[in-house]
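Chemist: Sequence plus predicted model, see below.
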Amino acid sequence: MPDKVQRVKGVNDILPVEARQWQVLEAVIQKVMNRYAYGEIRPPIFEKTELFARGVGEDTDIVSKEMYSFSDLGGSSLTLRPELTAGVVRSYIQNNLQQISPVQKLWYEGPMFRQERPQKGRYRQFWQFGAEAIGSPNPEQDVEMIALFYAILKELGITDSVTLKINSVGDTESRTAYRSALQDYLKPHLSELSETSQARFESNPLRILDSKAPQDKELVKDAPKIRECLNEASANHYDQVLSMLKDLKIPYTQDDLLVRGLDYYTHTIFEFTSDALGAQDAICGGGRYNDLVKELGGNDVPAIGWASGIERLLLVVEAIKPMNTDPVLDLYLVVLGDELRIKAPQLVRDWRDQGLSCDADALRRSMKAQMREANRQGARFVAILGEDEFSQGVVQLKNFESGEQETVAFDQVAKTVLNSLSERSEES
Ligand code: HAM
């Protein structure tokens with residue numbers, strides 16, 4: 001026998017039972033995005049490698065170790081997107097979206113690719129949905145962004161199991177001041193730091209704050225706080241964000257050690273985490289990126305956004321408030337006698353056209369096996385068709401829940417089932 005081809009390490013098959021959860025989540029996302037007046041954008045799955053090198057940052061883990069890059073026939077280096085902020089900003093600049101309106105509020109959903117070490121909640125192909133608001137420098141835009149994700153959590157009924165961690169990395173002036181303060185503090189202890197943190201001491205000392213190495217954690221505990229280095233404008237912005245979050249009753253924890261793994265952030269940064277997950281506990285991350293549009297060749301336009309990992313969010317939903325993903329079918333047609341089988345396609349087609357979700361057997365199985373299949377598919381009704389029924393143009397329509405059975409003409413079946421289902425949903 002030929003070998004079976006296995007899927008690539010760190011990627012998932014989303015099978016129909018799970019896909020039903022995805023569809024419920026996607027319906028929630030679309031509803032909330034509409035309420036918040038965000039328009040959907042669908043940028044390409046691959047971009048020029050340069051976009052991520054310039055956008056996300058050469059020294060970040062994502063760009064330096066995790067990208068799936070390849071050369072195309074023309075020799076250009078292309079990369080499967082590891083995230084979508086850079087792609088959205090590229091698209092915003094290239095399509096002159098600023099001309100349509102001074103604030104562009106955009107959302108997206110799709111697969112991302114990072115060559116990380118796979119573990120629970122961390123994959124090499126994973127899905128994100130996210131939102132970006134490009135155009136406003138003001139704190140009310142930060143708060144709307146956070147409220148948007150919070151509204152999705154609320155719809156899913158999991159706000160209690162999630163923590164919002166927030167911090168500010170300020171503007172360039174504040175960050176430069178903090179960088180020096182942190183380096184001055186760490187310098188005498190340089191040799192005690194982990195190897196990774198020693199390497200980051202010059203290139204990106206702020207990342208030392210979120211090191212997982214115990215010796216780094218110990219040192220960082222008493223390090224100066226970035227909050228203390230914010231200049232007046234940055235501190236004001238941050239204070240206003242926190243005060244509006246209080247007004248909106250969105251609980252948060254100020255986390256002085258929160259930094260993000262992408263280079264583009266300025267001012268407000270935040271993550272939503274959940275203890276229902278293991279080590280990979282972040283279900284959403286984001287922040288302001290006031291310099292990115294300019295750095296990628298656009299005008300000097302401020303922006304803020306976040307992205308959330310769908311697989312991780314669904315792990316939390318599954319642990320806290322599992323969705324009902326039992327299959328449901330309005331009607332299953334059970335045919336008795338092989339000569340009648342060829343009549344099934346037309347009958348189910350007509351009922352489907354009239355709005356029923358409807359199925360019939362194509363394996364020519366026994367009545368018992370067809371009833372079992374109807375049950376497996378969660379059919380609300382079965383229509384039984386024998387020779388006598390066929391000659392009279394009727395079926396025996398059986399309500400699976402109540403056990404009631406009645407004789408119904410072919411052209412009345414869909415109406416009868418739909419009426420009964422709508423009465424039932426009104427009662428519940
Ligand atoms: P990020 O923190 O790299 O930010 O990713 C956002 C979320 O994607 C994470 O909180 C996590 O839920 C999910 N995620 C990341 N990597 C993986 C993985 N390997 N497997 C499963 N899930 C993962 C960004 O991507 C930024 N673009 C967010 C942003 C938008 N900032 C501003 N606008």
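Modeler: All right, it came through fine. These numbers were taken from a predicted model, which means no experiment stands behind them.
Chemist: Can you name the residues that contact whatever residue of the stretch 151-300 of the chain ends up closest to the ligand?
Modeler: Relative to the ligand, the nearest point of the stretch 151-300 of the chain is Gly285 (3.1 Å; C-beta to the nearest ligand atom). From N, CA and C alone the C-beta is placed, and that goes for glycine too. Gly285 is in contact with Arg260, Phe270, Glu271, Phe272, Trp306, Ala307, counting by C-beta atoms under 8 Å, 6 or more residues apart in numbering.
Chemist: ok, now with 6 Å
Modeler: Shown in contact with Gly285 (C-beta atoms under 6 Å, 6 or more residues apart in numbering): Glu271.
Chemist: Sticking with it, tell me its helix or strand.
Modeler: Per DSSP states H and E, Gly285 falls inside strand 282-288.
Chemist: Tell me how far that strand lies from the chain's centre.
Modeler: Strand 282-288 sits 11 Å away from the centroid of its parent chain (C-alpha atoms, centre = their mean, to the nearest Å).
Chemist: Could you do stretch 186-205 as well?
Modeler: Worked out by C-alpha atoms, centre = their mean, stretch 186-205 lies 34 Å from the chain centre.
Chemist: Check stretch 51-63 too.
Modeler: 22 Å.
Chemist: buried sites along that stretch?
Modeler: Leu51, Phe52, Ala53, Arg54, Gly55, Val56, Gly57, Thr60, Asp61, Ile62, Val63 (16 or more other C-beta atoms under 10 Å).
Chemist: Contacts for the helix or strand containing the last one, please.
Modeler: Going back to what we said before, that points to Val63. Taking DSSP H and E as the definition, one finds Val63 inside helix 61-65. For helix 61-65, the external contacting residues (C-beta under 6 Å, 6+ apart) are Phe52, Ala53, Val56, Pro82.
Chemist: Now for the nearest residue to Trp22 once chain neighbours are set aside, how many residues are close by?
Modeler: Spatial nearest neighbour of Trp22, chain neighbours left out: Ile14 (6.4 Å); criterion: C-beta to C-beta, 6 or more residues apart in numbering. Ile14 has 13 neighbours, counted by other C-beta atoms under 10 Å.
Chemist: What of Leu296?
Modeler: The burial count for Leu296: 18, using other C-beta under 10 Å.
Chemist: Could you point out the helix or strand that follows the strand holding Gly285?
Modeler: helix 292-295.
Chemist: In the beta-sheet assignment, what are the partners of the residue of the stretch 151-300 of the chain closest to the ligand?
Modeler: Glu271, Ala307 (DSSP bridges).
Chemist: Quick check: it vs Gln377, distance?
Modeler: 40 Å (C-beta to C-beta, to the nearest Å).
Chemist: do Asp256 as well
Modeler: Relative to Gln377, Asp256 is positioned 54 Å away (C-beta to C-beta).
Chemist: Of the contacts of helix 61-65, just say which sits nearest to Ala19.
Modeler: Nearest to Ala19 among the contacts of helix 61-65 is Pro82, at 24.1 Å by C-beta to C-beta.
Chemist: any bit of the longest helix anywhere in the chain sitting next to the ligand?
Modeler: Longest helix in the chain, counting residues (DSSP state H): helix 16-35. No - using C-beta under 6 Å from any ligand atom, helix 16-35 stays clear of the ligand, with a minimum separation of 13.2 Å.
Chemist: Would you mark the buried spots in that helix?
Modeler: Here helix 16-35 shows Arg20, Gln21, Trp22, Val24, Leu25, Val28, Ile29, Val32, Met33 as buried, counting by 16+ other C-beta under 10 Å.
Chemist: Many thanks, we can stop here.
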